[in-house]
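K.L.:
Okay, sequence plus prediction incoming.
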Amino acid sequence: MIFRGTDTVAILLEWIMARMVLHPHVQAKAQQEIDTLVGSGRHVQDSDIPNLPYLQSIVKEALRLHPPGPLLSWARLAIRDVHVGKLLVPAGTTAMVNMWAITHDPSLWKDPWAFNPDRFLEEDVSVMGSDLRLAPFGAGRRVCPGRAMGLATVHLWLARLLHQFKWLPAHPVDLSECLRLSLEMKKALSCYAVRRYDIPLPT
Ligand code: HEM
C-alpha cells in the first residue's frame, strides 16, 4: 500500500514537471491561473484545487500520456475458457489491459501524441475509472484504492511548485520511458527552479 502510493505519485510528478519545462506556455498559463486565484501573499491550499481547472487538466493530460501504471489487472490468469466479445481467451492465458495503448489510440484521441491539456477543458473526462478511454487508476473491483489521495497529493504539490518557482531545463528533456514496477522516466529530469514569490513557509 505504502509502495504503491509513493512511487506512483513521485513518478507522475516527475513526468508532469518534464512537460512543464518542455511546454513553457502551458507552465505560464497554469501559473497565471494560480496567481489570479491565490495571489502572491499565501500558499496554495487543498481547498483551492477545485478552482484550478487548467491545473487539473494538466494532471489529466500527463496521466493520459504517461500513465505510471500502464498495465492494468496485472497478470490475471484465465482459469477457464472465456469469451470476451468474439475473442476466445483459453484457460491458462495470462492477460492484462494495456491502458497505455488505449490512451495513445488515435481512434479515441485527437492528435494523441500532442501534450494538450486544453482537450480536457473542452471535454470533461473522468480519470477515476468510469470512462475506459482514460482509466490510469484502473476500474472495477481492483481499481486503485488510493486514487483520491494520489490525485490530491499531486494537485497540491504541482500547484505549489508552479506557484513558487519558474521551471527551466538544466539539460535537454528526454521523454524515453522505462517500465519497472511503474512507468518511469528513463533519464531523470534535471531542471532549474527560479523563485517567483518569497512567501514564508507555513508554521
Ligand atoms: C498518481 C498516483 C497513483 C496512480 C497513477 C495509481 C495507479 C494504480 C493502478 C494503475 C493500479 C492497478 C489497478 C489495476 O490493476 O487494475 C493501482 C493499484 C493500487 N494502488 Fe494505486 N495509484 C496511485 C496512488 C496510490 C496511492 C496514493 C495509494 C495508497 C495510499 C495506492 C494504493 C494502491 C493499491 C493498494 C493498489 C492495489 C489494489 C488491488 O490490487 O486491489 N495507489 N494503482
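P.N.:
Looks like it came in fine. Numbering: from 1, shown residues only.
K.L.:
Which positions in the protein make contact with the ligand?
P.N.:
Within reach of the ligand by CB under 6 Å from any ligand atom, the chain has these residues: 1, 4-5, 8-9, 12, 68-69, 72-74, 136-138, 142, 144-147, 149-150, 154. Glycine gets a C-beta too; all of them are placed from N, C-alpha and C.
K.L.:
Of these, grab the buried ones for PyMOL.
P.N.:
To isolate the buried ones among these in PyMOL, judged by 16 or more other CB atoms under 10 Å, type:
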select buried, resi 4+5+8+9+12+68+69+72+136+137+138+144+146+147+150+154
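K.L.:
residue contacts, Ala188?
P.N.:
The contact partners of Ala188, by CB atoms under 8 Å, 6 or more residues apart in numbering, come to Glu14.
K.L.:
Pretty sure Leu162 sits in a strand.
P.N.:
No. Secondary structure of Leu162 (DSSP: H, G, I helix; E, B strand; the rest coil): helix, not part of a strand.
K.L.:
what's around it, how many residues?
P.N.:
25 (other CB atoms under 10 Å).
K.L.:
What lies in contact with the lowest-mean-pLDDT helix or strand in the chain?
P.N.:
Sorting the helices and strands of the chain by mean pLDDT, DSSP states H and E puts strand 71-77 at the bottom, at a mean of 84. With contact meaning CB under 8 Å, 6+ apart, strand 71-77 is reached by 92-100, 135, 138-139, 142.
K.L.:
and that strand, which strands flank it?
P.N.:
When pairing is defined by DSSP bridges, strand 71-77 lines up against strand 94-98 (antiparallel).
K.L.:
So which residues make contact with the partner strand?
P.N.:
Strand 94-98 is contacted from outside by 70-78, 89, using CB under 8 Å, 6+ apart.
K.L.:
Mind naming the longest helix for this protein?
P.N.:
helix 2-22 (DSSP state H).
K.L.:
separation between the closest residue to His163 other than its chain neighbours and Ile58?
P.N.:
In space, and not counting its chain neighbours, His163 is closest to Ile34: 4.8 Å by CB to CB, 6 or more residues apart in numbering. Using CB to CB, to the nearest Å, Ile34 is found at 11 Å from Ile58.
K.L.:
And stretch 138-158, how far out from the chain middle?
P.N.:
10 Å (CA atoms, centre = their mean, to the nearest Å).
K.L.:
coming back round to it: ok now the least confident helix or strand of the chain, how far from the chain's centre?
P.N.:
Distance, centroid of strand 71-77 to centroid of chain: 20 Å (CA atoms, centre = their mean).
K.L.:
Could you list the paired strands of the following helix or strand past that strand along with their orientation?
P.N.:
Later in the chain than strand 71-77, the nearest helix or strand by DSSP states H and E is strand 82-84. According to DSSP bridges, strand 82-84 has the following sheet partners: strand 87-89 (antiparallel).
K.L.:
neighbouring contacts of the partner strand?
P.N.:
Everything outside strand 87-89 that qualifies as a contact, by CB under 8 Å, 6+ apart, is 78, 81-83, 95.
K.L.:
Now flag whichever of those is closest to Arg19.
P.N.:
When the contacts of strand 87-89 are compared for distance to Arg19 (CB to CB), Ala95 wins out at 31.2 Å.
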